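>>> A structural model of the following input is requested.
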Amino acid sequence: MNPLEKLQRIAEVEFASIVAQTDLLGVKLRVLLTDNSYLDVWASRKLPGRFGMHWERRHLDGHIYRYDNFPDTDWAAVSTFPFHFHNGDQQNVIAAPFASSLEQGFRDFMTFVRQTLGA
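Residues are numbered from 1 along each chain as shown. Predicted coordinates for the structure are as follows:
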């Protein structure tokens with residue numbers, strides 16, 4: 001089972017209360033949520049351990065949330081660099097409050113989503 005398939009199963013089973021649908025779209029997993037927002041997850045095939053998670057809510061409330069470990073030097077001062085969290089918009093970047101492994105980081109991020117939705 002590839003990493004995205006494993007995350008797909010986690011989303012469908014562990015977060016069924018907020019997940020409406022999941023789709024593997026080539027190099028990413030899309031998770032459609034019950035509030036009509038969506039989450040995309042990428043896991044690099046070339047760089048082990050490199051990933052990103054993006055929760056798109058701009059069409060609902062103007063917010064985005066992104067957790068990734070792309071070594072963007074703009075965020076080098078963040079204590080968890082290269083891991084960082086875009087909290088509500090692209091420029092509001094804070095230390096990553098989630099685990100650094102893909103699987104546990106996904107669970108942590110999905111828990112954040114569920115809590116934010118109040119579900």
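
>>> Show me what the residue minimising distance to the centre of the chain bridges to in the sheet.
Ranked by distance to the mean C-alpha position of the chain (C-alpha atoms, centre = their mean), the top residue is residue 53 at 2.6 Å. In this structure, residue 53 bridges to residue 41, residue 67 when assessed by DSSP bridges.

>>> For the longest helix seen in the chain, give me every contacting residue.
Under DSSP state H, the helix in the chain containing the largest number of residues is helix 102-117. With contacts defined as C-beta atoms under 8 Å, 6 or more residues apart in numbering, helix 102-117 is touched by 3, 6-7, 10-11, 14-15, 17-18, 33-35, 39, 41, 43, 49, 51, 53, 55, 65, 67, 97-99. C-beta here means a position set from N, CA and C on the backbone, and glycine is covered the same way.

>>> buried subset of those residues?
3, 7, 10-11, 15, 18, 33, 35, 39, 41, 43, 51, 53, 55, 65, 67, 98 (16 or more other C-beta atoms under 10 Å).
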